[in-house]
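> below is the structure, and that's it, no one-letter string:
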């Protein structure tokens, strides 16, 4: 089937072990104000306008087989370095069926797969995709359901149900927490979040970099429809 | 780093050694040479003797040093006047650069081992034989080489006496041993090497590498360890002191830019027998560089398919320090390439780099490996103009228009390759006969000169000439653009496109945009990489069957040296969308401003051609944002990238770990960035000491660095 992506980036350093290519899937059910990749929020194809007035189209449709072939061009170095492909976004699980198709081809070719997800997805989609992954970066952005809904527009229960399944699934994972000043960075917030995450789990607190602002401007402040 | 080393480092970095120097006026010596009609050989040894005599007037010792010898005289004697050299050129003699021996690597190991005294004895015996045979040239060589060696030993004796007088007992003791006698310890070996290298510079040779230091020094290090004289910390301290000394006089050494002084060291690889050569000293040399963070010596690391990943990792840890080295050379490609060019297997396995990246054999290579360069974009520009000029039918001559086969893309490519061949042949003709000015002292450090009683300038075992290929990626990208714009999309005629090159695409932003959007090397795009493959195949054979008068061949390479700036001035805009006045990429690297997918695709593109054909040298340069190394496994990932390059059959690679913002800030506030080191074209230098033109080129090439 066809899926929509907005970037294929090679030699990504923050998305798992070894030398990796990260493919960014377009569209996300959340609207976190600090998002680094605002161009990944809308599932629509968008036009970005640079400061000099030139434009770039953001979003491209790929057949799953074609995307897998493109990613497999670097299968040699992935194998040599213990790397692989990482799915990011947007929220990659928003296109779970497409993602599963691509992952199946990659895994059949011996390529290791990882995902970065908010976990904000229906349980069947989540389980289908995660069970195809060799590693999961599971975001948990806030410990409080009300705050999570108010700030990101999401349902924390959905995330936590999926997270509970992840912990029991045997798929290796780490929890990532974006540390946003004034949102979730107080000691009390951290303590509450760690309680939610549970014991014996690798937790990476990621410092906040205001990296998405210029891209937000290029999108004209619009993030587009979900 | 010990406090003693730190003090020596600070002293050198602050250039306090300059207070120990004075100027010399050598014009009277030169006038005497001219007036007396002194021959080249006698001038060389007289120049060295006078220089060393001047150095001997005030031996310099730095507080706390154990390895002595610091330059005190800024200028070395000029041996020929400009007009003398001009007259010889006018009479048809070609010279490489300044004419003297340069860009080679002497073989220091035998003389460190046997002592200069042993060489003097050999010369003495050889002189007797030459006299008996009536070999006047041999007599002249032996006499002058002996005078040179004796002058070195005289200076050493002055240093020794001065050290004794100042109560520097250890230095006095060391200098009573080396370099006259063979070194027994690592300390003596390094002191001996320091003096031999120092004397070479004083003879006027320049850009002469230090060679395979980890092999040269290994016997002394092992002897020290087994006798308990030294442990690894002690060895590290000595190596660090020697490395600092390499930076002490380097501002006096001649180069196109400050830092371009050719003090290269090669580590690792295989021994002449083919056994793995990376050893404990290789490790200590890498560690010393990482601690000192100086531009000299420039570290090269030989690797291959079977090199353990740990060694790639050790190299990358040095890259992470932001020194722009090690530069990697791939044994799997370079050794067979050198063998194919006629180097004996044991010599090929013993290769090092001459100064920047030209592969050379220590001691037996009198190759002039950077004698000139062919501009690939210049060749394309000339070929396109030729096609437009000749392809335009005479007015009203419909018949000839019909008779002419239509121009195809293939026609353009063959016209380009024909122009490359024409330029290659012109260089062969120009440099068929090259004279090198004698260097009797450096000849002592070279294989077989004493036995032959001939100066190395008369030839050594290998006498090949290297020709750089400048801007190959610019030409290849331009061909891809011509194919797409003129022949596929038919957006512009060839004549129209050539016209636009002279005006920087004035009035046709659409054509400029299309030119920039055409396929570019660095993206693993077969539409352009296949052109590169054909270009390299052609270039690799462009000198087949050509020989110079010394019996040597011409070796094509992918290097540019400084020509990436010079050759770019010779043409206006190019069909790839590069505008006039913009430089080419240095060496074998993506064109500037080309958006590339990332370093994996860059490596894939640039290792697609058969690089074994072009092993004169010339590295791929990759810029990696320095934040990559902030990650715990960043070093592993970059090390794997290097290994990927090697597995793909790359020949040579250098990596810059760099942040563009830092470079911009360094241009504005040089005083804050005195320590900032960058890789330039085949060497590392201090960014703030480069000319603006070279600074800007580096900033532009890091704009798209992987992060």
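Cool, got the structure. Just so you know, these numbers come straight off a predicted model, no measurement behind them.

> who are the contact partners of residue B:103?
Contacts for residue B:103 (C-beta atoms under 8 Å, 6 or more residues apart in numbering or on different chains) come out as B:96, B:207, B:208, B:262, B:354, B:355, B:358, B:360, B:368, B:369, B:370. The C-beta positions use only the backbone N, C-alpha and C, and glycine is treated the same way.

> try residue B:127
By C-beta under 8 Å, 6+ apart, residue B:127 lies in contact with B:138, B:139, B:142, B:143, B:146, B:453.

> could I get those as TSV with pLDDT, distance to residue A:17 and neighbour count?
Listed next are the contacts of residue B:127 as TSV, based on pLDDT from 0 to 100; distance: C-beta to C-beta, whole Å; neighbours: other C-beta atoms under 10 Å in any protein chain shown:
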residue	pLDDT	distance to residue A:17	neighbour count
B:138	97	65	18
B:139	98	68	19
B:142	98	63	26
B:143	98	66	18
B:146	98	63	21
B:453	97	62	22
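
> dump those into TSV; add distance to chain A as well.
Converted to TSV, those look like this (distance: C-beta to the nearest C-beta, whole Å):
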residue	distance to chain A
B:138	56
B:139	60
B:142	55
B:143	59
B:146	56
B:453	53
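
> what's the most distant pair in the residues you listed?
B:138 and B:146 (12.3 Å; C-beta to C-beta).

> who does the helix or strand harbouring residue B:419 touch, helix- and strand-wise?
If you go by DSSP states H and E, residue B:419 is part of helix B:409-430. Packing partners of helix B:409-430 (3 or more C-beta pairs under 8 Å, 6 or more residues apart in numbering or on different chains; DSSP states H and E): strand B:368-375, helix B:376-391, helix B:472-482, helix B:526-541, strand B:554-556.

> show me the strands in chain A, by range?
Assigned by DSSP state E, the strands in chain A fall at A:2-12, A:20-25, A:46-49, A:55-58, A:60-63, A:84-89, A:112-117, A:135-139, A:173-179, A:203-207.

> what ranges does the stretch 201-350 of chain B have for its strands?
B:264-268, B:298-303, B:327-330 (DSSP state E, counting those that start in this stretch).

> quick one: low-confidence parts of the chain?
With no chain named, the answer covers chain A. Scanning chain A for pLDDT under 70 picks out A:210-212, A:221-226.

> could you do chain B instead?
Counting by pLDDT under 70, chain B contains low-confidence ranges at B:254, B:256, B:391-404, B:682, B:702-707.

> give me every residue in it lying close to chain A.
Within chain B, the residues that sit near chain A (C-beta under 8 Å from any C-beta of the partner chain) are B:524, B:597-601, B:604, B:628, B:631, B:633-634, B:636-637, B:640-641, B:643-644, B:647, B:706-707.

> please pick the buried ones from these.
Buried subset of those (neighbour count, 16 or more other C-beta atoms under 10 Å in any protein chain shown): B:524, B:597-601, B:604, B:628, B:634, B:636-637, B:640-641, B:643-644, B:647, B:706.

> out of the strands of the stretch 201-350 of chain B, flag the one nearest residue A:154.
Nearest of the strands of the stretch 201-350 of chain B (C-beta to C-beta): strand B:327-330, 47.8 Å.

> which helices and strands does that closest one pack with?
Contacts defined by 3+ C-beta pairs under 8 Å, 6+ apart place strand B:327-330 against strand B:298-303, helix B:634-647, strand B:652-658.

> tell me the buried residues in the longest helix that chain B contains?
Across chain B, the helix with the greatest residue count (assigned by DSSP state H) is helix B:136-165. Neighbour counts over helix B:136-165 (16+ other C-beta under 10 Å) mark B:138-153, B:155-156, B:158-160, B:162-163 as buried.

> how far off centre is it?
29 Å (C-alpha atoms, centre = their mean, to the nearest Å).

> packing partners for the helix or strand just after that helix?
Per DSSP H and E, helix B:136-165 leads on to helix B:169-177 as the next helix or strand towards the C-terminus. In terms of contacts (3+ C-beta pairs under 8 Å, 6+ apart), helix B:169-177 is packed against helix B:136-165, helix B:186-203.

> columns distance to residue A:123 on top of those helices, output as a markdown table?
Formatted as a markdown table, these follow (distance: least, C-beta to C-beta, whole Å):
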| stretch | distance to residue A:123 |
| --- | --- |
| helix B:136-165 | 82 |
| helix B:186-203 | 67 |
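
> how many neighbours does residue A:190 have?
A count of nearby residues for residue A:190, using other C-beta atoms under 10 Å in any protein chain shown, gives 16.

> nope, residue B:431 is what I was after
19.
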